[in-house]
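Participant: Pasting a predicted model and its sequence here:
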Amino acid sequence: MKRVQAVVVFLVGCVAVCSVQPAQAQSRYQIDRPTFSPYLQLFRTGPSLLGQYHSYVRPRLELQRALAGQSAAIRRQQGSIQGLQGEVARFGKTGPTRATGTGSTFMNYSHYYSGFGGAASSGGNKRNYTPSRGNSGSYGGY
């Protein structure tokens, strides 16, 4: 009888240990609206040329509207950036790409002027671009 109880206690303990999940911290409380109404500023005393509504309430409401619009724009940008990052990750998985500048040569116009013999010419039509000895900064080939 004691052996059966020990096996049952052991099995219950194993189930309890296996069902434990890692602890998660609570998310920080985000305030999504003002803590008090801007219309409470109507009762504010003090000098104002436009009145309490146009001096205190209306600017606060416009600020809240502008901040809400900026927040929505930031969320849209984050979504588009995440989409672009997904495309970049998907494109990167297609295979290795060639390095920038591979196969290019400096001042090679042989694909435009094929009548001059191309890149494999003997060099008869190449100019000698050595700097002149003067102080003008011009090149001797001109």
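Facilitator: Here it is on my side, so go on. Numbers count the residues shown, from 1 in each chain.

Participant: number of nearby residues for Arg76?
Facilitator: By other C-beta atoms under 10 Å, 10 other residues sit near Arg76. (Glycine included, C-beta is placed from N, CA and C.)

Participant: State the distance from the residue most central in space within the chain to Arg75.
Facilitator: Closest to where the C-alpha atoms of the chain average out (C-alpha atoms, centre = their mean) is Ile81, at 5.4 Å. According to C-beta to C-beta, to the nearest Å, Ile81 and Arg75 sit 11 Å apart.

Participant: quick one, phi psi at Tyr29?
Facilitator: phi -70, psi 120 (degrees, to the nearest 10).

Participant: Quick check: the gap between it and Leu63.
Facilitator: Relative to Leu63, and taking C-beta to C-beta, Tyr29 is found at 22 Å.

Participant: Who has more neighbours out of these two?
Facilitator: Leu63 (11 against 6).

Participant: Check whether Gln41 really touches Arg58, as I assumed.
Facilitator: No - Gln41 lies out of contact with Arg58 (C-beta atoms under 8 Å); the separation is 9.7 Å.

Participant: overlap in contacts of these two?
Facilitator: Common neighbours of Gln41 and Arg58, using C-beta atoms under 8 Å, 6 or more residues apart in numbering, do not exist here.
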